[in-house]
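The sequence and its predicted three-dimensional model are supplied below.
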Amino acid sequence: MKSGVSGRSDKAVLDREVIKRVVEEGGELALAEVLRLRIRYFSDGVALGLREFVNGVFAEFRDRFGSRRKTGTRSLRGIRVFDTLKSLRNLRTAPFG
């Protein structure tokens, strides 16, 4: 899924439109492709890790969440490669850019 050249270097870049199309059609990106993307979960997800870790962070800061919320873990939208990774926040728009 490589496309184009990044800036003045000769590094291959991923085409944003191709990525959007693959995700919208329910396809999957390879792990190497996902790791090359700017993934918002890494910066905006508050806590990122295995279910036990994220739920531990949730329990520690339980008073900062609504009373209806029962667990801390949220699946990473659009990134099936990381089935075991969970996030504390449920990012609804543009999980990667």
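Looks like it arrived, so ask away. Numbering: from 1, shown residues only.

ok, and the closest non-adjacent residue to Ser75?
Lys86 (6.6 Å; Cβ to Cβ, 6 or more residues apart in numbering). Every residue, glycine included, has its C-beta placed from N, CA and C.

Report the beta-bridge partners for that neighbour.
Gly49, Ser75 (DSSP bridges).

so how many other residues sit close to it?
23 (other Cβ atoms under 10 Å).

Okay, domains of the chain per the record?
Domains of the chain are assigned by automatic domain parsing as 1-37, 42-90.

which ones are touching the residue nearest to Ser75?
Listed by Cβ atoms under 8 Å, 6 or more residues apart in numbering, the contact set of Lys86 reads Leu48, Gly49, Leu50, Arg51, Val54, Gly72, Thr73, Arg74, Ser75, Leu76.

Look up how far Glu24 lies from Ala30.
17 Å (Cβ to Cβ, to the nearest Å).

repeat for Phe61
For Phe61 relative to Glu24 (Cβ to Cβ), the value is 34 Å.
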